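**Student:** Predicted model follows, preceded by the sequence.
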Amino acid sequence: MRRTDDIKASKLDWITILVVAALALAGWLNIYAVVYDSQLDQNIFDLSSNSGKQILWFGISAVVVTLIILMDFRFFDSFAYPIYGVVVLLLITVLLVGTAVSGSKSWFEFGFVRFQPAEFAKFTTALAVAKFLSKPQIKKDRIKTWVLAVLIVSIPAILIILQGDTGSALVFSAFAIVFYREGFSPLLVLVGIIAVALFVLTLLLGQLYLILAIVITALIIIGTGKRTAKKLRTVLAIATVTIGVVVSVDYVVNNVLQPHQQNRVKAFINPEADPLGYGYNVTQSKIAIGSGGVLGKGFLEGTQTKFDFVPEQSTDFIFCTIGEEHGWIGSFILIALFVTLLLRIVYIAERQKSNFSRIYGYGVASIIFFHFAVNIGMTIGLFPVIGIPLPFFSYGGSSLLAFSIMIFILLKMDAHRMQVLVH
Amino acid sequence: MKDNRSNIIQITFILIGAVFIIKLFFIQVLDENYRLAAQNNVMQRLVDYPYRGLVFDRNGKLIVYNKPVYDLMVVPREVVLTDTAEFCDHLGITLTEFNEKLSKAQTYSWYKPSVFLKQFSNEDFASMQDLLIDYPGFYIIPRTVRAYPYKGMANALGYIGEISKNQLTRDSSSYYRQGDYIGISGLESKYENPLRGKRGAKYRMVNVRGLEKGSFKNGAWDTLPKIGENLTSTIDIELQEYGETLMQNKVGSIIAIEPSSGEILSFVSAPSYDPNLLTGRSYSEYYRKLSTDSLKPLYNRPLMAMYRPGSIFKIIQALVALEEGVISESTSLYCNRAIIGCHGPQKYRDLKEAITHSCNPYFVQVSRRMINQGESDDTYQDTRIGLEKWRAHVASFGLGSPIGIDLPNEKGGMIPNVQYYDRAYQSKNWKFSNIQSISIGEGENLVVPLQMANFAAIVANRGFYYKPHLIKAIGDQKEPLPEYREKHYTTVDTKHFDVAVEAMAEVVRSGTGQYRAKLSDIEVCGKTGTVQNKDRPDHSVFIAFAPKDDPKIALSVYVEYGGQGARAGAAIAGLMIEKYLKRCTDRIHMEDYVLNGEFIY
């Protein structure tokens, strides 16, 4: 057996690193492009600009990543809970002493540096979930196990909701993918998906039509095939519950959601209804992307993003710049890069001998997937606007650093996968 | 089972990626609307209005130029008003007007500029300029309006104004946009194309707050404006002003033409107005006043007022009859007042005397000879043939239809034809005795003053004319439009005109009231054309040309209800000729007679 500290860079998964580096580099160029003004003499390295600051964060991330590679690979397994605990404490602290930025009290401010503990809660929660589900004595067929697992995910999610950052909290729903992979009942996952689908369909089609559709479907099912009492009961029960969900949609939209969230839902359903009001972001975002055509307008040639028609363009809406300046081809390449990264992470996760590493790997994949799907989905009107960044791509130090740590913990453990004894 | 679930997760990842790529294909590649919307977002079209061409008189004096005015623009998004009432006070508008204008601008666009108030004068601009620093969202852009150093000739020059919805829909060239200025009447309308030049446009990009962000596509779509072409008028502005002065307190017109070219030397329509009134912000106020004035100052009398030709018509009758060979210069006819009333001595030796004394029975008999030449045994049929022949001759003098001056709304008058009398009599049973009043310029004949001035020019030229026109050079092109370079001959041979010229010279030389047109050193030829009115004084009409040999000026003068033609008409004609040929007059008493006489009723 080799010595545990005998780590060579060649053991790291270079495919993942290359894809991540490509995303970060492309993101950096786009951050520069967003604010580029041909009338000003701007330097991409200017530290007062976003692109310059992002370079600084590249450096910080590189240092932290190097530290991770130099650490003992078993550290994360052993200290998963304490790390999780520290971040949960940070989330509580930020509620008390944090700085509010655009409505969310989720930032620590040290001089000119700001960071957001919520970003770090994502990989620490992945560590804790991995630790919990990889316990040798875990019984995955017991409901209690899953209740506890959901609890581990819910604690940081609820704290983040309390900070007023619902978008980041929703990311934690991505752990459903991890649970599913680890044996959680697909039926429950399906029920969840159906509930969400019903919710969206109700908004799109209206209550009346959907209730009619459910009733007709139920009658058809009852009317065809054998008519047993059990079948009748089951169908009636399901129909009642689904109608209940449909009816509750209005209540949820009007009473549970806050006004700006209601507007995002309305904008998702019909952005054209109020293109200058709540529909503005989505409309302008689609205009920017749609105006790119096949090849795009060219690097630094975008007008919609540069002239501030699209809001939050360096962070949440950065995909608009790609769409506008690099067109369908550029968008295609970016999406392909993300899908490659996701598949590679799943591949890495599946080749782990240790359950902990595998589950953590799925956590990483799920979180990146959620960010990718929701971020790009909202800019092209396929999802409601939820303010979360595009991993490695959007401007933002906390996000870049947290995603770098998240993925390099996986790569570090992957490099040592042969040294692990299977439990 | 685990492998299966892993596969499902991977397929989900790929599926979402594929959905995105397909959706992107729809909005980026297939749907053009987003590209257009993006262009609409950033592109701002700045119109570069060229200067409208200037107009000079025949001696190079500037008569129409451009004066700078200032439009107050607003960008609703940038407006910050702490004290709206104070702002309205400065502008001199009410709060309601302010809100109306602002909401109109907001409806158009929140971040693109629109016109808030139009056409501040230079003085207003000076006071506004400093003030506007305190009102973000408002700024001023320069434009031009027409200005006229001379207060005359308003009806010929016409005016410009914002294009109407109707004109906009009828504009087949798609040149005009809403808010553009266009020549509405007069020369401004007729020569709109050369005068307006060509509008330029600059396309620039603006950001979401309307701040300029450079040119669009590096100026690939930009066009430079082309300055409008200057026009040189045939008008002698001094003669014009003199004519306007003479026509003060009268209703009527003076048209003076240079016979050898058809160039119009003066074009007076009275009453008139100061053309400066129909420029700038007060346009609509004055337009309303002028258009409701009972004396109709906007009515272009030289082209539109139709009168019976009166005795002037006898010269045409004489010329046509000579051409037809039914009389000769020495034809002597008895003044038979059983046919029609007359005045003056009853015995004429020849045609010239008959013209000079304007003998009614003489010309009725001459006309009968013309109309009934015995071409047909049937009197009715013979009259029809004769009338058509006669009418063709008369039409060659530019009567009965618009001559084609370079101004809009020209009327053609009326020379009756066979169809007209068929309709009037409801049958073909009419003959010369039914229509004989046309012989002496009464009856159904109608002419406009321009046609009579042109007729004076024809006699002056001994048989031809150029279409009267007001513009003799357009830009670098030092000649008028082609149609005004073409010589039109009448159907009457040149040799027959001598008797007409002699007769007209005689009228001024020895007429009873026509002496008012007589000059000591220049031989003036003229003819009165009193138009009788029921229950009201006659219209005083006089046509003239001078000098008799190699004439330089021919004109018609109309003074409505001014009494006999020998009075105001002859006096004004004489003064105009004198002014043009000698640049001054020593007949102060005649000026006094014209200026102080009571010629308006």
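**Tutor:** Cool, got the structure. Values in this document were obtained by computation on a predicted structure and should not be read as measured data.
**Student:** of all of the stretch 101-250 of chain A, which residue lies closest to chain B?
**Tutor:** The minimum distance from the stretch 101-250 of chain A to chain B, using C-beta to the nearest C-beta, falls at A:Arg181 (5.3 Å). Every residue, glycine included, has its C-beta placed from N, CA and C.
**Student:** what's around that residue, how many residues?
**Tutor:** Look at A:Arg181: counted by other C-beta atoms under 10 Å in any protein chain shown, it has 24 neighbours.
**Student:** Make sure it is actually in contact with B:Ser6.
**Tutor:** Yes. Shown here, A:Arg181 and B:Ser6 form a contact pair, counting by C-beta atoms under 8 Å, at 6.5 Å.
**Student:** right, and the helix or strand after whichever strand or helix holds A:Leu232?
**Tutor:** Using DSSP states H and E, A:Leu232 maps to helix A:229-251. Helices and strands here follow DSSP H and E; after helix A:229-251, the next one along the chain is helix A:259-269.
**Student:** Ignoring the adjacent residues along the chain, who's closest to the spatially most central residue of chain B?
**Tutor:** Nearest residue to the geometric centre of chain B (C-alpha atoms, centre = their mean): B:Gly186, 3.1 Å. Nearest non-adjacent residue to B:Gly186, counting by C-beta to C-beta, 6 or more residues apart in numbering or on different chains: B:Gly158, 2.0 Å away.
**Student:** Name the residues of stretch B:266-278 that are buried.
**Tutor:** B:266-273, B:275-278 (16 or more other C-beta atoms under 10 Å in any protein chain shown).
**Student:** can I see the domain layout of chain A?
**Tutor:** Per automatic domain parsing, the domain ranges recorded for chain A read A:9-184+A:267-419, A:192-256.
**Student:** Of these, which is nearest B:Val64?
**Tutor:** Evaluated over the domains of chain A, closeness to B:Val64 peaks at domain A:9-184+A:267-419, with 41.8 Å, by C-beta to C-beta.
**Student:** ok, back up a step: same for the helix holding A:Leu232, what does it pack against?
**Tutor:** Applying 3 or more C-beta pairs under 8 Å, 6 or more residues apart in numbering or on different chains; DSSP states H and E, we find helix A:229-251 packed against helix A:186-205, helix A:207-223.
**Student:** Serialize the ones you listed to a markdown table and add fields for mean neighbour count.
**Tutor:** A markdown table is the format used below for these (neighbours: other C-beta atoms under 10 Å in any protein chain shown):
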| stretch | mean neighbour count |
| --- | --- |
| helix A:186-205 | 14 |
| helix A:207-223 | 14 |
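**Student:** Check these for me: which has the lowest mean pLDDT.
**Tutor:** With a mean of 77, helix A:186-205 has the lowest mean pLDDT of those.
**Student:** Next, the angle from that one to helix A:259-269.
**Tutor:** 80 degrees (axes from the mean of the first three to the mean of the last three C-alpha atoms, to 10 degrees).
**Student:** contacting residues around helix A:186-205?
**Tutor:** A:176, A:179-180, A:210, A:242, A:245-246, A:249, A:252-253, A:265, A:268-269, B:5 (C-beta atoms under 8 Å, 6 or more residues apart in numbering or on different chains).
**Student:** Next, count neighbours for whichever residue of the stretch 51-200 of chain B sits closest to chain A.
**Tutor:** Distance from chain A to each residue of the stretch 51-200 of chain B (C-beta to the nearest C-beta) is smallest for B:Trp110, at 7.6 Å. If you count neighbours by other C-beta under 10 Å, B:Trp110 ends up with 16.
**Student:** what about stretch B:19-35, distance to the chain center?
**Tutor:** On the basis of C-alpha atoms, centre = their mean, to the nearest Å, stretch B:19-35 sits 57 Å off its chain's mean C-alpha point.
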